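Asks: Quick check, what structure comes out for this input:
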Amino acid sequence: MALTVVMILLSVVSQTLVNMPPATVALALSSESDKVALLALKKKLTNGVPNSLPSWNHSLHFCEWQGVRCSHRHMRVSLLHLENQNWNGTLGPSLGNLTFLRSLILSNINLGGEIPTQIGRLKRLQVLDLSHNNLNGQIPIHLTNCSKLEVINLLYNKLTGKVPSWFGLGSMTRLNKLLLGANDLVGTIPPSLGNLSSLQNITLARNHLAGSIPHVLGRLSNLKDLNLGLNNLSGVVPDSLYNLSNIQVLVLGVNQLSGTFPSKMQLAFPNLRAFFVGRNQFSGTFPSSISNLTGLQAFDISSNGFSGPIPPTLGNLNKLKMFSVSDNSFGSGRAQDLDFLSSLTNCTQLNILLLDWNEFGGVLPDLIGNFSTHLTWLSMEFNQISGMIPEGIGQLIVLTDFIMGDNYLEGTIPDSIGRLKNLVRLVLQENKLSGNIPTAIGNLTMLSELYLHTNRFVGGIPLSLKYCTRMQSFGVSTNNLSGDIPNQTFGNLEDLINLDLSNNSFTGSIPLEFGNLKHLSVLYLNENKLSGEIPQELGACSALTELDLESVE
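Replies: Numbers count the residues shown, from 1 in each chain. Coordinates of the predicted model:
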């Protein structure tokens, strides 16, 4: 009986197909193959995680499934877009059966394994985005079959091998984005990339690439973003790159590149928005022509061998948000070294200003209070800057990091510092500051790190410090502080990890409340005038790894 029913059903289906036009039959069968391919792909992608892709069931047409879009004409899968899942699956070979696919976006779904060779069957594919996964193995040569590809995004995976030279050997003439950064690629940058004339974005950063930058990249006249940072590249920047007048973002930082930059940067890169070449071996003077790059938003030449003055002509950069010249040899230790700061007050969007580890001299000017109200990070440590901290510092109300250590600053910390309610790091160590630690410090309730060591402060630790409940590191060693260590103040700072009160003249006993500091790792109380027994409560500081109580009587 059961066999009879099956035979009847087969007969009906066969008759239905016979009565259909041939094209309709082919379409129905092809559509069904897409459904089968998707279900097989789901099994691999989700790795059996319960309740994954619940809409992928037989009660809905597969074109209505989550992340699936179909072409109106053929009702074939043209887009598959799934992201931000923790499936821990792989890409199955059934992917290659979705032959009408134009856009494949499977980003941040914890994919592992290799990219299947069957991906080469997707000859209509235009967008491939498998970024932010754990894919390994080499980039399959079968991608050369996908001649319509415009975007390849494989960022943040664990891909190995070399950057394929076949990318630029004929088939991928439409490719405009090649994003291979943050993988484990080795070898050199293949010169054949210079043949991809449609390229607008090349990202090879955060790999292990060595050798020089191929001069043929200068052929890529449409290139807007070039990111080769965090590799092991060496040699000089080829002159041909300065022909790329459409470049907007140039990232070469953290390599071993050397040489100088052209004096007329505004002619080479008139559309430049971001320039990152920090942590290399570049030398020469400051490229003053950047003053004419009015679209510049980020400028980083830190940790190189630049020297000389900074020109006072940066005020035209009204879109500038980041300016970093840290760790060079700028300045001469003379009074006029900081004259350029006046022009930076015109940069009303400035967010980050890093001038540390140079040879800047002169007095810290009052005009720093006129910096952008967007300024969050101001670092000028390890220079030869003198004078007092201006009262106007209190106007930088969104400042999170004020770092002025290892200079020649003198005078007191102004009470206006208490207006910086967003301050997280205050670093003033190794100066000649004096007077009392201001009570206004207690207003800085976001403060995590406060370093005042090796100055000339007197008096005691302000009781208001107890309101800085997010404090993790507090250092006031090598000053002239005295009096008792306030009990309740430190007992309230339960997030403290590092506490250094050494080399002062504190008296009295060690506070019992130190026992509340469960995260305390370093405690230095040596070279004071403390007395009494060491409290047993310190035994509750289970994270303590360094303890110096020398000279406690």
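Asks: gap between stretch 345-363 and the chain center?
Replies: 21 Å (C-alpha atoms, centre = their mean, to the nearest Å).
Asks: Between the two ends of it, how far is it?
Replies: The separation between the terminal residues of stretch 345-363, taken as C-alpha to C-alpha, to the nearest Å, is 17 Å.
Asks: Report how many residues lie close to the closest residue to residue 285 other than its chain neighbours.
Replies: Computed as C-beta to C-beta, 6 or more residues apart in numbering, the closest residue to residue 285 that is not its neighbour in sequence is residue 308, at 4.1 Å. Placement of C-beta: from N, CA and C, glycine included. Residues within reach of residue 308, counting by other C-beta atoms under 10 Å, total 14.
Asks: residue contacts, residue 97?
Replies: 33, 34, 36, 37, 118, 121 (C-beta atoms under 8 Å, 6 or more residues apart in numbering).
Asks: do residue 402 as well
Replies: Applying C-beta under 8 Å, 6+ apart, we find residue 402 in contact with 378, 393, 396, 420, 423, 425, 426, 427.
Asks: residue contacts, the residue nearest to residue 285?
Replies: Residue 308 sits next to 285, 286, 330 when contact means C-beta under 8 Å, 6+ apart.
Asks: So which of the contacts of residue 97 belong to helices?
Replies: Counting by DSSP state H, the part of the contacts of residue 97 found in helices is 33, 34, 36, 37.
Asks: how many neighbours does the last one have?
Replies: This points to residue 37. 21.
Asks: Chain neighbours aside, what residue packs nearest to it?
Replies: The spatial neighbour of residue 37 that comes closest, neighbours along the chain excluded (C-beta to C-beta, 6+ apart), is residue 97 at 3.9 Å.
Asks: Please report the distance of the one you found from residue 52.
Replies: Distance from residue 97 to residue 52, counting by C-beta to C-beta, to the nearest Å: 20 Å.
Asks: quick revisit: right, and the pair among the ones in helices among the contacts of residue 97 with maximum separation?
Replies: Farthest-apart pair in the ones in helices among the contacts of residue 97 is 34 and 36; separation 7.3 Å (C-beta to C-beta).
Asks: picking that back up, is it possible to get a markdown table of the contacts of residue 402 that adds secondary structure?
Replies: Conversion of those to a markdown table gives the following (DSSP: H, G, I helix; E, B strand; the rest coil):
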| residue | secondary structure |
| --- | --- |
| 378 | strand |
| 393 | helix |
| 396 | coil |
| 420 | coil |
| 423 | coil |
| 425 | strand |
| 426 | strand |
| 427 | strand |
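Asks: If any of the residues you listed are buried, give me the ChimeraX selection for them.
Replies: This is how ChimeraX selects the buried members of the contacts of residue 402, with burial counted by 16 or more other C-beta atoms under 10 Å:
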select :378,393,396,420,423,425,426,427
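Asks: Format the contacts of residue 402 as a markdown table; extra columns: pLDDT and distance to residue 157.
Replies: Formatted as a markdown table, the contacts of residue 402 follow (pLDDT from 0 to 100; distance: C-beta to C-beta, whole Å):
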| residue | pLDDT | distance to residue 157 |
| --- | --- | --- |
| 378 | 98 | 37 |
| 393 | 97 | 45 |
| 396 | 97 | 41 |
| 420 | 98 | 41 |
| 423 | 99 | 39 |
| 425 | 99 | 34 |
| 426 | 99 | 40 |
| 427 | 99 | 38 |
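Asks: Which members of the contacts of residue 402 are the farthest-apart pair?
Replies: 396 and 427 (15.1 Å).
Asks: And the contacts of residue 402, which is closest to residue 138?
Replies: With C-beta to C-beta as the yardstick, the closest approach to residue 138 among the contacts of residue 402 comes from residue 425, at 43.5 Å.
Asks: Specify the beta-bridge partners of the closest one.
Replies: residue 401, residue 449 (DSSP bridges).
Asks: That one reaches residue 403, doesn't it?
Replies: Yes: with contact defined as C-beta atoms under 8 Å, residue 425 counts as touching residue 403 (6.5 Å).
Asks: Of the contacts of residue 308 - the most surrounded one?
Replies: Neighbour counts for the contacts of residue 308 (other C-beta under 10 Å) peak at residue 330, which has 23 neighbours.
Asks: if I look at it, how far off is residue 212?
Replies: Look at residue 330 and residue 212: by C-beta to C-beta, they are 28 Å apart.
Asks: Give the partner strands of the lengthiest strand in the chain in its sheet and their orientations.
Replies: The single longest strand within the chain, with elements called by DSSP state E, is strand 77-83. Listed by DSSP bridges, the sheet partners of strand 77-83 and their directions read strand 68-70 (antiparallel), strand 103-107 (parallel).
Asks: Give me the distance from it to the chain's centre.
Replies: The mean C-alpha position of strand 77-83 is separated from the chain mean by 28 Å, C-alpha atoms, centre = their mean.
Asks: And for stretch 119-136?
Replies: Offset of stretch 119-136 from its chain centre (C-alpha atoms, centre = their mean): 25 Å.
Asks: now could you export just the CA positions of that stretch as CSV?
Replies: Backbone C-alpha positions of stretch 119-136 (Å, rounded to 0.1, in the frame of the first residue of the first chain) are rendered in CSV as follows:
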residue,chain,number,x,y,z
ILE,A,119,34.3,29.4,-3.5
GLY,A,120,35.8,29.6,-7.0
ARG,A,121,32.5,28.5,-8.4
LEU,A,122,30.9,31.8,-7.4
LYS,A,123,31.6,33.6,-10.7
ARG,A,124,29.0,36.3,-10.1
LEU,A,125,30.5,37.2,-6.7
GLN,A,126,31.2,40.9,-6.2
VAL,A,127,31.6,41.3,-2.5
LEU,A,128,33.4,38.8,-0.2
ASP,A,129,33.5,39.7,3.5
LEU,A,130,34.8,37.0,5.8
SER,A,131,36.4,39.5,8.3
HIS,A,132,36.7,39.1,12.0
ASN,A,133,36.8,35.3,12.2
ASN,A,134,39.4,32.6,12.8
LEU,A,135,39.9,31.4,9.3
ASN,A,136,43.3,29.8,8.7
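Asks: Could I get the buried residue list for that stretch?
Replies: By neighbour count with 16+ other C-beta under 10 Å, stretch 119-136 contains the buried residues 119-122, 124-133, 135-136.
Asks: Now for those residues: which two are most distant?
Replies: Checking the buried residues of stretch 119-136 with C-beta to C-beta, the most distant pair is 124 and 136, at 26.7 Å.
Asks: What's the separation between the nearest residue to residue 256 once chain neighbours are set aside and residue 414?
Replies: Excluding the flanking residues, the one nearest residue 256 by C-beta to C-beta, 6+ apart is residue 234, at 4.3 Å. Between residue 234 and residue 414 the distance is 47 Å, computed by C-beta to C-beta.
Asks: in the chain, what spans have low per-residue confidence?
Replies: Scanning the chain for pLDDT under 70 picks out the ranges 1-30.
Asks: go with 50
Replies: Across the chain, residues meeting the criterion (pLDDT under 50) sit at 1-10, 12-14, 16-18, 20-29.
Asks: Which of the contacts of residue 308 fall in strands?
Replies: Here DSSP E is the test, and the contacts of residue 308 give 285, 330 as lying in strands.
Asks: Redo the contacts of residue 308 as JSON lines? Include distance to residue 491.
Replies: What follows is those, written out as JSON lines (distance: C-beta to C-beta, whole Å):
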{"residue": "285", "distance to residue 491": "54"}
{"residue": "286", "distance to residue 491": "50"}
{"residue": "330", "distance to residue 491": "45"}
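Asks: Can you tell me which of the contacts of residue 308 lies closest to residue 152?
Replies: Taking C-beta to C-beta as the measure, residue 152 sits nearest to residue 286 out of the contacts of residue 308, at 37.3 Å.
Asks: Hmm, residue 299 and that closest one touching each other?
Replies: No: taking C-beta under 8 Å as the definition, residue 286 is not a contact partner of residue 299, at 10.3 Å.
Asks: coming back round to it: grab the CA positions of the longest strand of the chain and hand them over as CSV.
Replies: What follows is strand 77-83 as a C-alpha-only set of coordinates in CSV (Å, rounded to 0.1, in the frame of the first residue of the first chain):
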residue,chain,number,x,y,z
VAL,A,77,20.2,33.5,-3.7
SER,A,78,22.1,36.7,-4.5
LEU,A,79,23.1,37.9,-1.0
LEU,A,80,24.0,36.0,2.2
HIS,A,81,24.6,38.4,5.1
LEU,A,82,25.1,36.9,8.6
GLU,A,83,27.2,38.5,11.3
